[in-house]
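Student: Quick one, structure for this:
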Amino acid sequence: MSYDWDLIEQLLLHAQQCADEPYKAREYGEEVAEERLAQGEPLGGSIDHIKRVAGDLEGVLFDGGFIQDRPRDHGGTGNNFELTERGVRLLTLIGRSFPEHLVFRRLLDEQGEEALSAETFDALAASAARDRIDDKPMI
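Tutor: This next block holds a predicted model:
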């Protein structure tokens with residue numbers, strides 16, 4: 001199994017930006033699906049399937065400690081999130097602005113479902129950080 005990293009990137013970006021607004025994973029999934037259709041990319045299922053996956057990923061990201069309930073003093077509404085430190089690291093490493101994001105996504109894919117477990121992700125992120133400090137390619 002591999003995760004939909006573009007969808008995860010969008011879910012994390014929305015969590016980062018949803019102060020004072022509800023977090024709507026399924027809606028963000030629909031946006032990603034519509035973008036793909038507009039660009040002629042395959043969906044890998046229907047729009048409803050992508051929306052369902054987005055809803056499931058919200059739970060995976062929460063359970064893995066990538067997002068947490070947003071406190072009221074940070075714009076929390078009771079139904080929105082903010083990124084944790086782990087979530088910021090994930091967004092940084094899979095984000096399209098990171099030069100080696102495709103390499104890191106591939107490394108995560110090799111871990112299967114465990115890629116977003118706290119222990120597995122933290123180990124990969126630490127290794128990536130060491131490689132960047134040592135100026136070695138992430139392979």
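Student: could you pull out the helices for this protein?
Tutor: 5-17, 25-38, 47-63, 85-94, 101-109, 118-133 (DSSP state H).
Student: and the shortest one, what's its mean pLDDT?
Tutor: Looking back up the chat, that one is helix 101-109. If you average the pLDDT over helix 101-109, you get 93.
Student: That one vs helix 85-94, what angle?
Tutor: For helix 101-109 against helix 85-94, the angle by axes from the mean of the first three to the mean of the last three C-alpha atoms, to 10 degrees is 120 degrees.
Student: hang on, the earlier thing: would you format the helices of the chain as a markdown table with mean neighbour count and distance to residue 79 included?
Tutor: Bear in mind the C-beta positions are built from the backbone N, C-alpha and C, glycine included. What follows is the helices of the chain, written out as a markdown table (neighbours: other C-beta atoms under 10 Å; distance: least, C-beta to C-beta, whole Å):
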| stretch | mean neighbour count | distance to residue 79 |
| --- | --- | --- |
| helix 5-17 | 20 | 12 |
| helix 25-38 | 17 | 11 |
| helix 47-63 | 17 | 11 |
| helix 85-94 | 19 | 17 |
| helix 101-109 | 17 | 28 |
| helix 118-133 | 14 | 24 |
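Student: and of the ones you listed, who's closest to residue 76?
Tutor: Closest approach to residue 76 among the helices of the chain (C-beta to C-beta): helix 5-17, 11.7 Å.
Student: distance between that closest one and the chain's centre?
Tutor: 5 Å (C-alpha atoms, centre = their mean, to the nearest Å).
Student: Does anything pack onto it? Which helices or strands?
Tutor: Packed against helix 5-17 by the contact rule (3 or more C-beta pairs under 8 Å, 6 or more residues apart in numbering; DSSP states H and E) you find helix 25-38, helix 47-63, strand 81-83, helix 85-94.
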